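1. Would you be able to build a 3D model of this:
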Amino acid sequence: MKISYQKRGDVTYAKLPGQSYRVDGKVRKKNVVYLGRVIDKKNNVFYNKERGIFTYDPDTDTYGKADERYVSELKTDGRKRQRVCLDFGDSYFIDALIRSMHYDTVLDQMNYRNKDTLYAMVQYYLITNSSNAHAETWLSGNYASLLYPNANLTSQRISDFLESVGRDDNMMKYFKAHIGWLMEYVSKDPAVIVDSTGLPNNIHFPLTEISSHNGKVSREVRMETAIQRDSGYPLMFKANAGNIVDQSIVTRTVNTLLSFDVHTDFLLLDAGFYNNENIDQLYFANIDFLTRFPAKYSLYNEIVKKHGSSLKVKKNLVEYCGRYVYLERFEVKIGEHKDQPAYLYLGYDIERAGEESHKLLKKAAKDKKSVSAVHKELTETGYFVLISSLPFESEEILPAYYVRQTVEQYFDISKGSSKLTPLRVHSEDALNGHLILSQIAATINVYIQKITNQIYDNREEMLMAMRNQKCMVFNDRITTSAPQAKANEFYNVFSIKCPLYIERKGGKLTPQYTLPKINPDEV
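-> Numbering: from 1, shown residues only. Model (predicted):
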């Protein structure tokens, strides 16, 4: 099928002319297909609103995906008014921050050819909480449009972008680059926290399944995440079907980290990851661990029954973060054959016992339980059991275990300010691409949080103060407005200098911090 071209001004459009036929002596056309704007005539690359950027093969009458380097418009659309006043401070700050923390080394290694689109999407995930459908509108009013002039944030192109970034081979390149950055610039700590979180959704693909987690039933994807214990930064993630149980992923996570040269020597886990097979494998691999011990195991009930009444004595009372807990350590044998030596810590949380007793008594009255049944349940409240391959002292075990809160804080950052949820994708590759963008944003947000907690703990207000700094766009320069006092505070704490203006020459942006020197002969 032959393609027909028509030029309007400086823009060339293409169509499939279809077939001609006569009706009442008049020539009509049928099966005309408008391909849209010509991006690359030689390689049959086109753009229209319905498909975004795409390829068309007239010999086979098939459509395909265009190469990542193409943008939606070769020249500025004359129908659009060019913006001369743009939001400036937020995108300038984030771009400078990415480079100062050396995270650009990670982004530049990612296998996506249009780096402007990649950087712009990272900014969008960091700066806004809006859906990707609004990304093009955001870009048009932000300095990021000048920072990344070839960025293409049309809805169709973002979908293609997420699917490309989320392919298995590209994910591996990202994890390798990210973990390499973490080891070089943050910490080489081999101790790892593993946890998972639910991503509820109604997407029709294999990863969305019915999940029952901690008594809560939902349709979701489970995202497993490995966090570096001492730094709190993420190492990697894995999206699993909602019906996959946590116990099945521990050894696979450790093995995957080993493939990225992370030699895990200590694992911090929640009770949902514990089973005898995992414990035996950790002992075999010489990996130490600390985890909450599930109440379903007979050892739990035996310890509580045997030592619960004698636990509450003065020598066993310890204080942690304002809470008082009775704790006692016992040497036990665990594993499939009960031949692995471990240290079990029986605890009684006084405050938690009061809270649980209050709830229990309210429910007992409502359900009209017998006195003996209520008494039995009351005697079981407040107890918990931790188990480890290492002999922590009683006053050390709670601080060591509650480092696990680091991963909960990371999930809060991911879901709260890094666009992890809600999910708005329709394929597994696009989901993985979305999760990569969210991890990148969360990594930078963790970095911001670690610095700003020293001065001010409100990331949203920080970015709003930055966004209030505007810029005016001229042909040869971009002039910046004076930053507010709060914006200056953040520029200073991150050692980022705000430019007086930005010089524009040959498509290159060069920040300038002093007035230009005027040659008297040119005045």
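
2. check contacts around the nearest residue to Tyr112 once chain neighbours are set aside.
-> Leaving aside its chain neighbours, Tyr112 sits nearest to Leu118 (5.1 Å; criterion: Cβ to Cβ, 6 or more residues apart in numbering). Using the backbone N, CA and C atoms, a C-beta is placed for each residue, glycine as well. Listed by Cβ atoms under 8 Å, 6 or more residues apart in numbering, the contact partners of Leu118 are Leu107, Met110, Tyr112, Phe161, Val165.

3. The last one contacts Tyr112, doesn't it?
-> Yes - shown here, Val165 and Tyr112 form a contact pair, counting by Cβ atoms under 8 Å, at 5.7 Å.

4. who has more neighbours, those two?
-> Each of Val165 and Tyr112 has its neighbours counted (other Cβ atoms under 10 Å); Val165 has more, 27 against 18.

5. roughly how far apart are the more buried one and Val106?
-> 12 Å (Cβ to Cβ, to the nearest Å).

6. backbone phi and psi for the residue lying closest to Ile39 once chain neighbours are set aside, please?
-> Spatial nearest neighbour of Ile39, chain neighbours left out: Val45 (4.3 Å); criterion: Cβ to Cβ, 6+ apart. Taking degrees, to the nearest 10, you get phi -110, psi 130 for the backbone angles of Val45.

7. quick one: contacts for Val45?
-> So Val45 contacts Val38, Ile39, Ile53, Phe54, Thr55, Ala66, Asp67, Tyr70 (Cβ under 8 Å, 6+ apart).

8. Count the neighbours of the closest residue to Asn316 other than its chain neighbours for me.
-> Nearest non-adjacent residue to Asn316, counting by Cβ to Cβ, 6+ apart: Tyr326, 4.6 Å away. By other Cβ under 10 Å, 21 other residues sit near Tyr326.

9. could you check the distance from Tyr326 over to Ile350?
-> As for Tyr326, its distance to Ile350 is 8 Å (criterion: Cβ to Cβ).

10. cool, and Lys366?
-> Lys366 is 25 Å from Ile350, by Cβ to Cβ.

11. When these two are compared, which one has more neighbours?
-> Ile350 (13 against 8).

12. tell me which element the residue nearest to that one when sequence neighbours are not counted is part of?
-> Using Cβ to Cβ, 6+ apart and skipping residues adjacent in sequence, the residue nearest Ile350 is Tyr324, 5.2 Å away. In this assignment (DSSP states H and E), Tyr324 forms part of strand 323-334.

13. Quick one: residues contacting Gln19.
-> By Cβ under 8 Å, 6+ apart, the residues touching Gln19 are Lys29, Lys30, Asn31.

14. pLDDT weak spots in the stretch 301-450 of the chain?
-> Of all residues in the stretch 301-450 of the chain, none has pLDDT under 70.

15. same thing but 90
-> Along the stretch 301-450 of the chain, segments meeting pLDDT under 90 span 323, 353-380, 416.

16. Please, where are all the strands along it?
-> Here the stretch 301-450 of the chain has its strands, by DSSP state E, counting those that start in this stretch, at 317-320, 323-334, 340-349, 383-388.
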